[in-house]
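Asker: need the 3D shape of this:
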Amino acid sequence: MKNLPYIVTAILIVLAGIFALLNRVWAGFVYFVLSLLLLLSLFWGVWLIWQFFTTFKKELAEEFELFRADTINSKQLSAQDFDANVATYKKQFNKKMLKTKLAKWGIIVFCFAVAVAFLMGIIFY
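Answerer: Numbering: from 1, shown residues only. Alright, predicted model coming up:
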């Protein structure tokens with residue numbers, strides 16, 4: 001399952017390359033190329049959304065544990081003091097991770113923007 005996106009990407013790129021070469025024979029193969037690239041960008045957008053809601057949430061939990069340990073060590077707190085003010089520290093952690101979350105959603109939006117560009121290419125070609 002972890003190699004699935006790479007396998008799908010390789011297959012779609014190889015097929016798009018073949019159809020791009022066959023474009024010299026018949027101009028209609030351009031639609032196949034654009035359709036395959038549209039599918040590729042949609043696949044990556046959906047895959048990244050799936051990864052965000054499954055794997056990234058686990059990564060955030062692990063990252064919070066590291067943040068907890070770092071905060072306890074750097075501020076010389078006890079674990080009980082941290083647990084007593086966990087809401088405050090959660091807020092600090094969320095501010096720290098906002099940039100990462102926005103970057104991930106930016107990549108997802110970019111995938112769908114590329115998909116729209118290929119769709120416009122299919123419509124207006």
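
Asker: so where's the protein uncertain?
Answerer: Of all residues in the chain, none has pLDDT under 70.

Asker: 80 instead, please
Answerer: 1 (pLDDT under 80).

Asker: middle-most residue in it, spatially?
Answerer: L48 (3.4 Å; C-alpha atoms, centre = their mean).

Asker: who are the neighbours in contact with that one?
Answerer: Contacts here follow C-beta atoms under 8 Å, 6 or more residues apart in numbering; on that basis L48 touches K104, I107, I108, C111. C-beta here means a position set from N, CA and C on the backbone, and glycine is covered the same way.

Asker: in helices, which of those residues fall?
Answerer: The members of the contacts of L48 that map onto helices under DSSP state H are K104, I107, I108, C111.

Asker: pretty sure the third one contacts I49?
Answerer: Yep, that's I108 we're talking about. Yes. Here I108 reaches I49: they are 5.9 Å apart, a contact under C-beta atoms under 8 Å.

Asker: tell me which of those two has more neighbours.
Answerer: Counted by other C-beta atoms under 10 Å, I108 and I49 do not tie: I108 has more neighbours, with 18 against 15.

Asker: that one and F52, how far apart?
Answerer: Using C-beta to C-beta, to the nearest Å, we find I108 at a distance of 7 Å from F52.
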